[in-house]
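Visitor: starting from these lines, generate the structure:
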Amino acid sequence: MKRINKNQTFENFSVNDRNAWAFAALKKVIKDKNYFNPVYIFGDEKVGKTHLLNATNNALLSEQNKVILLSAESLTYHLVENLTNSEFDYILIDDLNLMPKDDILEEQLAMLIEENKKQLVITSTVSPNSLEVSSKLQERLQWGLTTSMVSETQWNVK
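Guide: This next block holds a predicted model:
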């Protein structure tokens, strides 16, 4: 599990043109599970991806949803296999780009997405196509909504 920051909420997130789509998508998923599944948000470090993940977690918990927030570094194929049969309705994974390289883990994660029984929200510093994972997992990660959050410096480049 990842340490939850209860101070990171939707109310204190600074919405702007660079992150409004990700913000709106997560608010929609809270109201309507599986509307976009999975939700994959990518962008540079320090653009607010983890803040939004914590805000999603906190909002879901306040409504008595069964949710788990994980660091991708902590993922193992046993853990993902157990999540498939768990009570959790929402699985939030931060920094998928840091997931251990493991073919079985990738297959389990792809199967979890295929089953579409759990709402997945995933963050990463790279797009699904740039992840160093199997093409099958890359494809499954794009089944729902993929959106980017860009830094101010990227936004101002013309």
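Visitor: low-confidence stretches in this protein?
Guide: The chain contains residues with pLDDT under 70 at 1, 152-158.
Visitor: and the spatially most central residue of it, what are its phi and psi?
Guide: Taking C-alpha atoms, centre = their mean as the criterion, Ile122 is the residue nearest the geometric centre of the chain, at 1.4 Å. For Ile122, the backbone dihedrals are phi -130, psi 140 (criterion: degrees, to the nearest 10).
Visitor: helix, strand or coil for Trp148?
Guide: Actually, residue 148 is Ser. It isn't Trp. Under DSSP: H, G, I helix; E, B strand; the rest coil, Ser148 falls in the strand class.
Visitor: that one bridge partners, please.
Guide: Phe42 (DSSP bridges).
Visitor: touching, it and Pro128? I think so.
Guide: No - the pair Ser148 / Pro128 is not scored as a contact, 10.9 Å apart, by C-beta atoms under 8 Å. Placement of C-beta: from N, CA and C, glycine included.
Visitor: settle it for me: which of the two has more neighbours?
Guide: More crowded of Ser148 and Pro128, by other C-beta atoms under 10 Å: Pro128, with 20 against 17.
Visitor: who's in contact with that one?
Guide: Going by C-beta atoms under 8 Å, 6 or more residues apart in numbering, Pro128 touches 40, 42, 138, 141-142, 146.
Visitor: what's the answer for Gly144, then?
Guide: 36-40, 120.
Visitor: with Ser127 instead?
Guide: Contacts of Ser127 (C-beta under 8 Å, 6+ apart): 42, 146, 148.
Visitor: need these in CSV with distance to Ser14, can you?
Guide: Converted to CSV, the contacts of Ser127 look like this (distance: C-beta to C-beta, whole Å):
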residue, distance to Ser14
Phe42, 19
Thr146, 22
Ser148, 17
